[in-house]
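Participant: for reference, the sequence and a predicted model appear below.
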Amino acid sequence: MSLPPLPSRSMGYHTTFTGTVTVDPPLSPRQRGWIATLWSPPRYPDGSLALGYPGWSSPWVPTAEGGLHIPDSMDRPRQAPEWLAWIANELHEPIFSRDPEIGGTHTMTGRLRAQGGCEGDKYELRVTSGRISVHRKGLPCWPCWLDVQWLVPPSAAYAFAHPEEHRGARAEFTEEERDRDEPHCRAAAWAPQPRWRRVYWPPRFGDWWAEHVASLDSDP
């Protein structure tokens, strides 16, 4: 199979996002400045991430028009759906920023196309009247999907079951099977379950994700 190898976990996993989230009314200069600080959210004295934040770094950057986007220069953007939901919640009710001037009534709309380091890892992040959801038309082959899930942190973007999941984490594929599946892998030809998932913060995919990962780890 001639698909390029995925990066190791130590190298991280890069995803490219195309599109913009429009914010109405546009973000104020103070709000834009606050969002820029989320590139490095608060940490405890021991260096661990403060409770309540979706991850180690927000990939979202304010646009000149007062919206939000994820520039391709952003290194290994992680948990983009959860960070967007967190930012929307914080703008509605500033709990962690503790700055009342951050709050306001905003409506977010937009669509972003996400392309992961694996060619078959692609999805659409939709924002409609503040409702955030991840939509997938397909998944890459089972071995590649396993590799991707090993590389990414928990996120609604990856809380999708593969139709060949029953083969287990240690399934062996012949060279003929890999050659046969390569074009379908690139085209994300395996149907995910579900087809779309709503994004919340705090997340609501936690139990599903924990059970899914546990089943893979315990596969004989």
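Facilitator: Happy to help now that I have it.
Participant: beta partners for the nearest residue to Ala157 once chain neighbours are set aside?
Facilitator: Nearest residue to Ala157, sequence neighbours excluded (C-beta to C-beta, 6 or more residues apart in numbering): Val134, at 5.0 Å. (Each C-beta comes from the backbone N, C-alpha and C, glycine too.) Taking DSSP bridges, one obtains Leu125, Arg197 as the residues bridged to Val134.
Participant: wait, isn't Val134 in contact with Val127?
Facilitator: No - look at Val134 against Val127 with C-beta atoms under 8 Å: they stay out of range, at 10.8 Å.
Participant: OK, contacts around the residue most central in space within the chain?
Facilitator: In the chain, the residue lying closest to the centroid (C-alpha atoms, centre = their mean) is Gln79, at 3.9 Å. Residues counted as contacts of Gln79 (C-beta atoms under 8 Å, 6 or more residues apart in numbering) are 54-55, 153-155, 157.
Participant: top of those by number of neighbours, please.
Facilitator: Pro54 (25 neighbours; other C-beta atoms under 10 Å).
Participant: and that residue, which of the three is it?
Facilitator: Secondary structure, DSSP: H, G, I helix; E, B strand; the rest coil: Pro54 is coil.
Participant: if I look at it, how far off is Pro100?
Facilitator: For Pro54, the distance to Pro100 equals 22 Å [C-beta to C-beta, to the nearest Å].
Participant: ramachandran angles for Val61?
Facilitator: For Val61, the backbone dihedrals (degrees, to the nearest 10) come out as phi -130, psi 140.
Participant: thought it was touching Ser73?
Facilitator: No - using C-beta under 8 Å, Val61 is not in contact with Ser73; the gap is 9.2 Å.
Participant: of these two, which one has the most company?
Facilitator: The neighbour comparison of Val61 against Ser73 (other C-beta under 10 Å) goes to Val61, with 18 against 6.
Participant: bridge partners for that one, pull those for me.
Facilitator: Here Val61 sits in beta bridges with His69, as judged by DSSP bridges.
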